[in-house]
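Model the following, please.
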Amino acid sequence: MTDRIKNFTLGTMVARYEWSGHSVGLTLLPAALRKRVAARREHISGVEIDGYATALGTKFPARGVESLVQVKMLGDDCAPAFSQGRTLRNSATMSSLKFERQTVRRSRFGTAIQTTLHHPSGWLAHHNLSWARGSSWLESTTTIENTTRNAITLELLSSFSLSGITPFAADDAPGRMRIHRFRSVWCMEGRLETRTMEDLQLERSFAGWGVRSERFGVVGSMPCNGFFPCAAIEDMQAGVVWGAQIAHNASWQMEFYRRDDAVAFSGGLADREFGHWMKRLSPKESLTSPTAFLACVEGNVDDCCSALVAAQKPALKNIPKSELSLPVIFNEWATSWGKPSHDNMVALAGCLRGLGITYLVMDAGWYAPPDGVWSQSHGDWIPGADLYPNGLSATADAVRKAGFVPGVWFEMETCGRDSQAFHRVDLLLHRDGIPLTIGDRRFFDLQNRRAVSYLTSRVIGLLRKAGFGYLKVDYNDTTGIGADGADSPGEAQRLQAAASRAIFQKIREELPDLVIENCSSGGHRLEPSMFALTSMSSFSDAHECQEIPVIAANLHRLMLPRQSQIWAVLRSGESERRTTYSLAAGFLGRLCLSGDALQWSPHQREMVREAISFYRRVAPIICDGRSFRYGPDVTAYRHPEGWQCVLRVGTNGEILAVAHTFAKVGISQITIPLPAGSWRIDQQFGSFHPAIRKSILVLDGTAEFSAGVVHLIPNIRRKAS
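Numbers count the residues shown, from 1 in each chain. Predicted structure coming up:
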């Protein structure tokens, strides 16, 4: 039974705190549906349980209150009910935690609620929930404060733990709940996976005994290598979705958990079982979990994702002002394939003039020694003497004089086998006393002051000396479970991740006008803490693949399109349809060109110029708007079939439609419903023939692997004179 309930209206959401004895739980509700919360059944009954209950002389409760924090301390008893190896939730640590106080701070900027629990041994757990006025999301963290005289050791720490899902059903909600999460592998990022609770065997047991748990996440320094740190749970009958996104650039986990009628949804640092993590807190020491963004919406999973992605907007105030207009990039990676030089950079700068490109970026290989392999030589960061006889400054100057902002590639956190840095073991991460080696890479220990000093000199020093205005930061492998030097490998991983963010912050502070691209091997660091430190992120390492528009559309659910850099690699001699297909995909985010620029035909050059001019016209819609995807699901990314159209509705009242067909299109024309109102076509680019018929956008000309972009503006009728 619930002892009491307190509700806080936070914008379009209600945060509902429920007390049962000494425990307190947190449920979120759409404010508009607050009165639709169902009266719960108190006990379970039926032939399968009644005899058992009578024999024991008890009744079985239908649901309890799950704590709004989840923490496990070393030495405390583990939870029963077949949970070991599956979850660390609800251990003896949780049964010992008691509610102490709740403080609420309101201001014209928003509301902050702190709920404090205390442990009999003396340490405190503070759950922090905050809402900024006008925002569509909440921020949640948990802080463990050691106020005892002895050290304590954590094995589990959540950033959030929502319970009572779904509050709109009086029973165990059979057949009405499903889970959404986003799978991610190299060059196929952000695939939405939707499964019912029954599919995942998350139905309650007849007696509420055996634990049901779906714990998932990522272990390593690539936080999107497997799943994105974002998930949601939906009550299909009520039309409500609860979602969360964790801002953390290393090991993390989320968990859907059930023992009774209601489901609990939690997430935070990857725990001892999942992420090899333990953390010792000395007296007076504290630890705060990574921030989790939370949303609860009336609608579907895309509505929930839109509410969460909006949480990434406040950090944009820190990016260079040059980024406000979404300048177009040319990156020479798919031009030289790791063999850039002064001469070819100068040649590119000459041939790209007049096309509307702003950033000209020199990718990997500029440091390759005459007798070395570029892919194994990074880490010393000395320009190749034969490639750059006058140094990088001369190349950057030449690019700048041609009218471009010069850019350069670094993979500053690792070093290759053929570099001298590879053997500077005093500067590198170790595991089990041995330098941590992944293939041909080792990793700088970013907590080591000498390593940071080395990188400051070699990276920041070079950027400043040569005057580069753009930095592409790559990261091409993961440290896995972690390293030596802390209470556990997972804790070393957490500290390394924090130190990595500190390096990015240091670069931003020392070079405030520098535009930073977070490459990360095609999207394996696409999470909010990295978005907040960089101007944009490469969406994928898919350079010339047919699946590029599919991946780019996926990421509209997970990041701001204005920060999602998309490859458009153009080859000489390719068909006009292929050129259009690639250029159109770039309108799904930040347009980044590459390829055979020196051999482009006059017609290709004109297509590029036309596309960039159009892109500049619609950049405000890409910057700020809401995306809607239409079309059948694409099953095989490497062999896509069907079609898709992403409708981007801008806050400026205009619309951008980006459509692609794949193999076996299946329809003769694409039809897309438009928002209410009267619309007209302002401009279009591509292979389709667009028209508007009764508030429907119609695209004719649906040949396989075609594309088109259409700009729509309100059709304002002129008043009769």
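
Check the secondary structure at I622 for me.
helix (DSSP: H, G, I helix; E, B strand; the rest coil).

Distance-wise, check it relative to I551.
Using C-beta to C-beta, to the nearest Å, I622 is found at 17 Å from I551. Where you see a C-beta, it was placed from the backbone N, CA and C, and this is true even at glycine.

do the same with S286
From S286 to I551 the distance is 40 Å (C-beta to C-beta).

ok, those two, which is more surrounded?
Comparing S286 with I551 by other C-beta atoms under 10 Å, the one with more neighbours is I551, at 26 against 13.

isn't E42 right next to F60, touching?
No - applying C-beta atoms under 8 Å as the test, E42 and F60 come out as separate, 10.0 Å apart.

tell me the centre residue of the protein?
Closest to where the C-alpha atoms of the chain average out (C-alpha atoms, centre = their mean) is E527, at 3.2 Å.

Neighbouring strands - and their directions - for the lengthiest strand in the chain?
Once the chain is assigned using DSSP state E, the strand that runs over the most residues is strand 152-165. With DSSP bridges as the test, strand 152-165 is paired with strand 71-73 (antiparallel), strand 263-269 (antiparallel), strand 279-281 (antiparallel).

what's the helix or strand following it packed up against?
Next in sequence after strand 152-165, counting helices and strands by DSSP states H and E, comes strand 177-185. With contacts taken as 3 or more C-beta pairs under 8 Å, 6 or more residues apart in numbering; DSSP states H and E, strand 177-185 sits against strand 188-196, strand 226-235.

CA atoms only: put strand 177-185 into PDB for me.
These are the backbone C-alpha positions of strand 177-185, laid out as PDB (Å, rounded to 0.1, in the frame of the first residue of the first chain):
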ATOM      1  CA  MET A 177       3.500  -2.600 -23.300                       C
ATOM      2  CA  ARG A 178       6.500  -2.700 -25.500                       C
ATOM      3  CA  ILE A 179      10.200  -1.600 -25.300                       C
ATOM      4  CA  HIS A 180      12.100   0.500 -27.800                       C
ATOM      5  CA  ARG A 181      15.900   0.600 -28.000                       C
ATOM      6  CA  PHE A 182      18.400   1.500 -30.600                       C
ATOM      7  CA  ARG A 183      21.000  -1.000 -31.800                       C
ATOM      8  CA  SER A 184      24.300   0.100 -33.300                       C
ATOM      9  CA  VAL A 185      27.100  -1.500 -35.100                       C
END
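
Pull the residues that contact that strand.
When contacts are defined by C-beta atoms under 8 Å, 6 or more residues apart in numbering, strand 177-185 is touched by residues 165-166, 190-197, 200, 202, 214, 216, 224-228, 230-236, 241, 243, 254, 256, 263, 301, 523-524, 554, 557-558.

Just want the angle from it to strand 152-165.
130 degrees (axes from the mean of the first three to the mean of the last three C-alpha atoms, to 10 degrees).

Return the set of buried residues in strand 177-185.
M177, R178, I179, H180, R181, F182, R183, S184 (16 or more other C-beta atoms under 10 Å).

Just the closest of these to D426, please.
Set against D426, the nearest of the buried residues of strand 177-185 by C-beta to C-beta is S184 (34.8 Å).

if we can go back for a sec, buried subset of the contacts of strand 177-185, written for ChimeraX?
Typed into ChimeraX, the line below selects the buried ones among the contacts of strand 177-185, using 16+ other C-beta under 10 Å:
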select :165,166,190,191,192,196,197,202,214,216,224,225,227,228,230,231,232,233,234,235,241,243,254,256,263,301,523,524,554,557,558
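
between the strands paired with strand 152-165, which one is nearest to R680?
strand 263-269 (44.6 Å).

what's the next secondary structure element after that closest one?
helix 272-275.
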